[in-house]
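Visitor: turn this into a model:
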Amino acid sequence: MKVILIKELKGKGKAGDIIDVNPNYASNVLIKQGIAKEANASNLNDHKGQQEAKVFHHGEMVKSYQALADKIKNKIYHFTLNVGANGKAFGSITKQEIVNALAQDNIKIEKNQIKDFPSIKSVGQYKITLQLIKEVSVDIFANVNIK
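Guide: Residues are numbered from 1 along each chain as shown. Have a look, this model is predicted:
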């Protein structure tokens, strides 16, 4: 019997997958527990519509993130480090400071979207890679000066 998974079923598939299982297992376990629904014509048609909508919305999301990436590509953000009398820096530039600098430009990202993040403990320019979503990444630069 074919069923459409509503929730992930370990070892069988993810939500939205159509799988073939024993009819007794399907009706007595999967359908009763709300893990799956029968793959009849109506449910298959609904599933197809949902999948098409999901693909469309993901495509729109990729377009919006690509527009954002084009806007900030190779943009330079300026930071300052406190330096002691001997020239040694106190602290470093953190991912949170990068997030805050982007937020000042009305760009909201999470710290986990910062992928290639070098240790920033001295003066210079550093390349930072942001992975906005799986399909879209962009490089920005951090320019660090002495306070």
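Visitor: residue closest to the middle of the protein?
Guide: Centroid-nearest residue in the chain: residue 133, 4.2 Å away (criterion: Cα atoms, centre = their mean).
Visitor: quick check, that one in contact with residue 63.
Guide: No. Between residue 133 and residue 63 there is no contact under Cβ atoms under 8 Å: 11.0 Å. Heads up, the C-betas are built off the backbone N, CA and C, glycines and all.
Visitor: what residues are up against residue 117?
Guide: The neighbours of residue 117, taking Cβ atoms under 8 Å, 6 or more residues apart in numbering as the test, are 95, 98, 128, 129.
Visitor: any chance of those in a markdown table, with pLDDT and secondary structure too?
Guide: Converted to a markdown table, these look like this (pLDDT from 0 to 100; DSSP: H, G, I helix; E, B strand; the rest coil):
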| residue | pLDDT | secondary structure |
| --- | --- | --- |
| 95 | 92 | helix |
| 98 | 93 | helix |
| 128 | 93 | strand |
| 129 | 94 | strand |
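Visitor: just the buried ones out of those, please.
Guide: Neighbour-count burial (16 or more other Cβ atoms under 10 Å) applied to the contacts of residue 117 gives 95, 98, 128.
Visitor: look up the closest residue to the last one, ignoring the ones flanking it.
Guide: The shortest distance from residue 128 to any residue that is not its chain neighbour, by Cβ to Cβ, 6 or more residues apart in numbering, is 5.3 Å, and that residue is residue 140.
Visitor: can you tell me what sits against the helix or strand where that neighbour lies?
Guide: Using DSSP states H and E, residue 140 sits in strand 136-146. With Cβ under 8 Å, 6+ apart as the test, strand 136-146 has contacts from 62, 65-66, 68-69, 72-81, 83, 93, 98, 102, 115, 120, 122-132.
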